[in-house]
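Enquirer: show me the folded form of this:
(2 chains)
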Amino acid sequence: MSETKTAPESGTSRHFVSQLIADDVAAARNGGAVVTRFPPEPNGYLHIGHAKAITIDFGMAKEFGGRCHLRMDDTNPAKESDEYVESIKTDVRWLGYDWGDNFYYSANLFEQMYAMAEELCRRGHAYVCELTQEQWKEYRGIPTLPGRASPFRDRTPEENLALLRRMRAGEFADGTLCLRAKIDMASPNIHFRDPVLYRIMRVAHYHTHDRWCIYPMYDFAHPIEDALEGITHSLCTLEFEVHRPLYDWVIDRMDEMGLLVVREGHKIRPIQREFARLSLTYTIMSKRLLLQLVQEKRVAGWDDPRMPTICGLRRRGYTPEAIREFCERIGVSKYNSETDVALLEYCLRDHLNKIAVRRMAVLDPVKVVIDNYPEGQEETFEAQNNPEDPNAGTHPVPFSRELYIERDDFMEVPAKKFFRLAPGQEVRLRYACLLTCTQVEKDDTGRITVIHGTYDPHSRGGHAPDGRKVKGTIHWVSVRHAQPVPVRLYDRLFTVPAPLADESKSFLDFLNPNALQTITGYVEPALAAAAPGERFQFERIGYFCADTRDSVPGAPVFNRTVTLRDSWSKVAAQ
RNA sequence: UGCCCGAUAGUGUAACGGUAGCACAACAGACUCUGACUCUGUUUGUCUAGGUUCAAAUCCUAGUCGGGCAACCA
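Expert: Residues are numbered from 1 along each chain as shown, chains lettered A, B, ... in the order given. Now for the predicted structure:
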């Protein structure tokens, strides 16, 4: 059947999930339909790892002309809430994916799941067990040793049915009884040793409220949800691989009961396939640990710009395009990989470079006085909004005798290959003019307080009148026109590439104390009107966005999204 | 000790029995009114051992290393 193998198209290649689906489509399995789903449990905020799954789930549907459902996998009311449901919808939409009318709650299927549980009892595939959890732990055995049968394993279907109904009716205390599948206590796969299907749990569900006191377990619920929604490919992460036989077992039982949906004459039988979850350097991806950071107030909340959550990245200034591009580039495989966060940052810079409007801001100012520029005079220069985009236009920047420049852009004793300002050295003030340093003033501690210089009146706009080469160009802001604004300099949340690698230490030990530094920056007037969420490149520094939470009209607060690449710092470091 | 899965440059990923590519990173250079962007070049790789084959990253066997599985979590 070599003709069913689709050759990679024009240099592009498919990852193994895509190949698998392509084979299914070619073989007209399920009538050639492709329906996927993204099924988060609403018990936390989505993070960059979910973005990978979302990209795969929605991406496969799009690639094969199918659809992707968004489903709240909410079978454990103890941890779930509407707050999370709303955040998930917002984040998936923001990432650019559309589930159309296909939004589901697992909880809406509780009645069907229960009906199937009863049918399992009738058919002798399930029984009500009274073993305590401690007893069961012993009965189940360990991976290397087979388990042994529960004394309740051979109840009659009638007994089981009656007990199950009483469980539902609330006649038993939480945790006293449970419904188990009757499969194989000797299976080398633990998940086949009569797994629990239903537990008693008197917890109000955020969606079904107090209608139920018994709730289905993931292994039972998930295949039912998939089958009833007509999912063809149930894609999930590697840790579910050993659950697959159980997934198939449930699907088989549904098939026997005639519960599989039929679409256009084809019985839809979902299959589960697994891929490696995303792991990123300098980042943790565990929902539990992220929750801990929030609860212990190590960060300001789920949307703290230091967090790898989608809302955190959004607030930091990431674009959905950059995140999607990243997810495309990392590929899909079954290898437990650790992706370098540098790739994410590359995708970010690459997109921001194309769309971010350029502005000048000085974050660590030192004053420059241009002694031959008339006191009281000012003028305006035109600065490009985005050299990468010819249609972006220009904007005016006011200039005067006193300016702020970056302290880093001056060296009293210049290092070799230092092209910026130094005594007797000429530099270009971006878009303005050429400036030569003449002398410096210092305070008692030797710290430079004012730099004096003279400008070339013929270099208007920054062009050398005689065509002489001026190697260095630096940014500046007119002191008189500068707007002081709060600027938050964000950096990696952790100081080491793998904060969880050392099991003898807590990941908290590796929190980066400098992951957030708040300073006052001096920005050009045009920046005062920045709208919340608006993204900029502060020339020669990095990409910033106006914070969506703390900015007020006329008084923006800026978050550093990511720095520009900086090859000088490497040279300077030696 | 049982079962399942995996292993290709520093990182991630392609090659589907027929010349080991690509991207990120690193390094060197060119260009530059952003030491950015862009461009050019360089370094570095098939876990090991057998076997099948004219030919193996690819198929088989064994081993090594890594990950997962013993919640009434998902």
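
Enquirer: for the nearest residue to A:Asp550 once chain neighbours are set aside, phi and psi?
Expert: Using Cβ to Cβ, 6 or more residues apart in numbering and skipping residues adjacent in sequence, the residue nearest A:Asp550 is A:Val557, 4.4 Å away. In this view, the C-beta of every residue, glycine as well, is placed from N, C-alpha and C. Per-residue torsions, A:Val557: phi -120, psi 130 (degrees, to the nearest 10).

Enquirer: what is the least confident helix or strand in chain A?
Expert: One helix or strand of chain A scores below all others by mean pLDDT, DSSP states H and E: helix A:567-573, with a mean of 88.

Enquirer: how about that one as CSV, C-alpha atoms only?
Expert: The C-alpha trace of helix A:567-573 is given here as CSV (Å, rounded to 0.1, in the frame of the first residue of the first chain):
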residue,chain,number,x,y,z
SER,A,567,26.4,41.0,20.8
TRP,A,568,28.3,44.0,22.4
SER,A,569,27.7,42.7,25.9
LYS,A,570,29.6,39.6,25.0
VAL,A,571,32.5,41.6,23.7
ALA,A,572,32.4,43.9,26.7
ALA,A,573,32.3,41.0,29.1
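
Enquirer: and for that helix, what's in contact with it?
Expert: A:Ala415, A:Lys417, A:Phe418 (Cβ atoms under 8 Å, 6 or more residues apart in numbering).

Enquirer: now which of those residues would you call buried?
Expert: Buried members of the contacts of helix A:567-573, counted by 16 or more other Cβ atoms under 10 Å: A:Phe418.

Enquirer: quick check, A:Gly65 in contact with A:Val35.
Expert: No - using Cβ atoms under 8 Å, A:Gly65 is not in contact with A:Val35; the gap is 10.7 Å.

Enquirer: tell me which of those two has more neighbours.
Expert: Using other Cβ atoms under 10 Å, the more surrounded residue of A:Gly65 and A:Val35 is A:Val35, with 23 against 10.

Enquirer: show me where the stretch 201-350 of chain A has its strands.
Expert: Using DSSP state E, counting those that start in this stretch, the strands of the stretch 201-350 of chain A run over residues A:214-216, A:233-237, A:262-263, A:266-267, A:271-275.

Enquirer: cool, and the stretch 401-550 of chain A?
Expert: According to DSSP E, counting those that start in this stretch, the stretch 401-550 of chain A carries its strands in the segments A:402-406, A:426-429, A:433-442, A:448-455, A:473-474, A:476-478, A:483-490, A:516-523, A:535-538, A:542-546.

Enquirer: before we move on, the earlier item: how about the least confident helix or strand of chain A against RNA strand B, any contact?
Expert: Yes - applying Cβ under 7 Å from any atom of the strand, one finds helix A:567-573 touching RNA strand B at A:Ser567, A:Trp568, A:Lys570, A:Val571.

Enquirer: what's the closest non-adjacent residue to the one residue in the stretch 301-450 of chain A that gets nearest to RNA strand B?
Expert: Here the residue of the stretch 301-450 of chain A nearest RNA strand B is A:Gly331; by Cβ to the nearest atom of the strand that distance is 2.7 Å. Nearest residue to A:Gly331, sequence neighbours excluded (Cβ to Cβ, 6+ apart): A:His15, at 5.7 Å.

Enquirer: intersect the contacts of helix A:567-573 with the contacts of RNA strand B.
Expert: The subset of the contacts of helix A:567-573 within reach of RNA strand B, by Cβ under 7 Å from any atom of the strand, is A:Lys417, A:Phe418.

Enquirer: pLDDT for the contacts of helix A:567-573 - can I get that in CSV?
Expert: Converted to CSV, those look like this (pLDDT from 0 to 100):
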residue, pLDDT
A:Ala415, 93
A:Lys417, 93
A:Phe418, 95
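
Enquirer: just the closest of the contacts of helix A:567-573 to A:Leu238, please.
Expert: Checking the contacts of helix A:567-573 against A:Leu238 by Cβ to Cβ gives A:Lys417 as the nearest, at 48.6 Å.

Enquirer: for that closest one, which non-adjacent residue is spatially closest?
Expert: With sequence-adjacent residues excluded and distances taken as Cβ to Cβ, 6+ apart, A:Lys417 is closest to A:Val571, at 6.2 Å.

Enquirer: can you check A:Val17 too?
Expert: Among residues not flanking A:Val17 along the chain, A:Val332 sits closest, at 5.5 Å (Cβ to Cβ, 6+ apart).

Enquirer: enumerate every residue touching that neighbour.
Expert: A:His15, A:Phe16, A:Val17, A:Ser18, A:Ile56, A:Phe275, A:Ala276.

Enquirer: verify the stated contact: the fourth one with A:Thr55.
Expert: When you say that, I think you mean A:Ser18. No - using Cβ under 8 Å, A:Ser18 is not in contact with A:Thr55; the gap is 11.9 Å.

Enquirer: give me the more crowded residue out of those two.
Expert: Comparing A:Ser18 with A:Thr55 by neighbour count (other Cβ under 10 Å), the higher total belongs to A:Thr55, at 23 against 17.

Enquirer: tell me which residues touch that one, please.
Expert: For A:Thr55, the contact set (Cβ under 8 Å, 6+ apart) comprises A:Leu95, A:Arg324, A:Cys327, A:Glu328.

Enquirer: and A:Glu402, by the same measure?
Expert: With Cβ under 8 Å, 6+ apart, A:Glu402 has these contacts: A:Lys367, A:Val368, A:Val369, A:Ile370, A:Ser478, A:Val479, A:Arg480.

Enquirer: what would those look like in a markdown table with distance to A:Ile214 and neighbour count?
Expert: Formatted as a markdown table, those follow (distance: Cβ to Cβ, whole Å; neighbours: other Cβ atoms under 10 Å):
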| residue | distance to A:Ile214 | neighbour count |
| --- | --- | --- |
| A:Lys367 | 72 | 15 |
| A:Val368 | 74 | 25 |
| A:Val369 | 78 | 16 |
| A:Ile370 | 79 | 22 |
| A:Ser478 | 70 | 22 |
| A:Val479 | 71 | 17 |
| A:Arg480 | 72 | 13 |
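
Enquirer: give the contact list for the nearest residue to A:Ser333 once chain neighbours are set aside.
Expert: Of all residues not flanking A:Ser333 in the chain, A:Ala276 sits nearest, at 6.0 Å (Cβ to Cβ, 6+ apart). A:Ala276 sits next to A:Thr237, A:Leu238, A:Val332, A:Ser333, A:Lys334, A:Tyr335, A:Asn336, A:Ser337 when contact means Cβ under 8 Å, 6+ apart.

Enquirer: distance check, the nearest residue to the first one once chain neighbours are set aside against RNA strand B.
Expert: What it means is A:Thr237. Leaving aside its sequence neighbours, A:Thr237 sits nearest to A:Arg277 (Cβ to Cβ, 6+ apart; 4.3 Å). If you measure A:Arg277 against RNA strand B using Cβ to the nearest atom of the strand, to the nearest Å, the figure is 9 Å.

Enquirer: check A:Glu171 too.
Expert: Counting by Cβ to the nearest atom of the strand, the gap from A:Glu171 to RNA strand B is 15 Å.

Enquirer: that's a strand at that residue, yeah?
Expert: No - counting by DSSP: H, G, I helix; E, B strand; the rest coil, A:Glu171 is located in no strand; its state is coil.

Enquirer: neighbours of it, just the number please.
Expert: Per other Cβ under 10 Å, the neighbour tally for A:Glu171 reads 13.
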